[in-house]
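[1] okay, here's the prediction I keep looking at, along with the sequence it came from:
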Amino acid sequence: MKTIMVDMDEVLCVGGHLGIVNKFLNTSYKVEDLTGYYTEDLLPKARLQEYYQFFKTENPYQYAEIIPDAREVLEKLSKKYQLYICTAYYSDVYDMEQSHCLIDKYKWLQQNFPFISPYQYVFINDKSLLNCDIKIDDRLSNLKGYGEQKYLFDSYHNQKISDGELEKEGVIRVSGWKELETILLKEA
Ligand SMILES: [Mg+2]
């Protein structure tokens, strides 16, 4: 069986951090309102420290929505491929205590993708270490390293990456899980 690296944030789910920001600011921003990757950029700088304290008490995945068709297609793929959910769990871009997010991720995956065993979870920041045959991620930097087929999952923050840049990296952009189903189940 070929192995597939499947990213979690913005590939299986979206909107978690945005939900916390909305609760904190009492706003109703939507994913479409974002231009950069980090939803925390919506916060006024003067309130950042206050937000970091608030964030500690919140589970981002409580607000996350499943990306359309992710569950159905992954369940089909799981019969023909060895799947690994490979997800980063730490970022120092913001000075936030976020260790609880690791457990929140684990629980969300168990609840929403029960057919994937925790033995298939890989919590990792440097994904170039992973020697999976097929890689799916919404961040181009996570598609570095080995991989026979690499797919950039279309997302609000990666629209500016040109086709030329993707071609240079040997990466193909996909619009969503239905397209991946067509590509990956046709070949298997
Ligand atoms: Mg991601």
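    Looks like it arrived, so ask away.
[2] what strand or helix carries residue 152?
    In the assignment (DSSP states H and E), residue 152 maps to strand 149-153.
[3] report all helices and strands that that strand contacts.
    Under the contact definition 3 or more C-beta pairs under 8 Å, 6 or more residues apart in numbering; DSSP states H and E, strand 149-153 sits against strand 134-137, strand 171-174. To be clear about C-beta, it is placed using only N, CA and C from the backbone, and glycine gets the same treatment.
[4] buried sites along the last one?
    So that's strand 171-174. Neighbour-count burial for strand 171-174, counted by 16 or more other C-beta atoms under 10 Å, picks out 171, 174.
[5] list the contacts for the closest residue to residue 19 other than its chain neighbours?
    Distances taken as C-beta to C-beta, 6 or more residues apart in numbering place residue 63 nearest to residue 19, at 2.3 Å, with adjacent residues excluded. Neighbour list for residue 63: 15-16, 18-20, 22-23 [criterion: C-beta atoms under 8 Å, 6 or more residues apart in numbering].
[6] need phi/psi at residue 63.
    phi -100, psi 0 (degrees, to the nearest 10).
[7] so how far is residue 158 from it?
    Using C-beta to C-beta, to the nearest Å, one gets 21 Å for the distance from residue 63 to residue 158.
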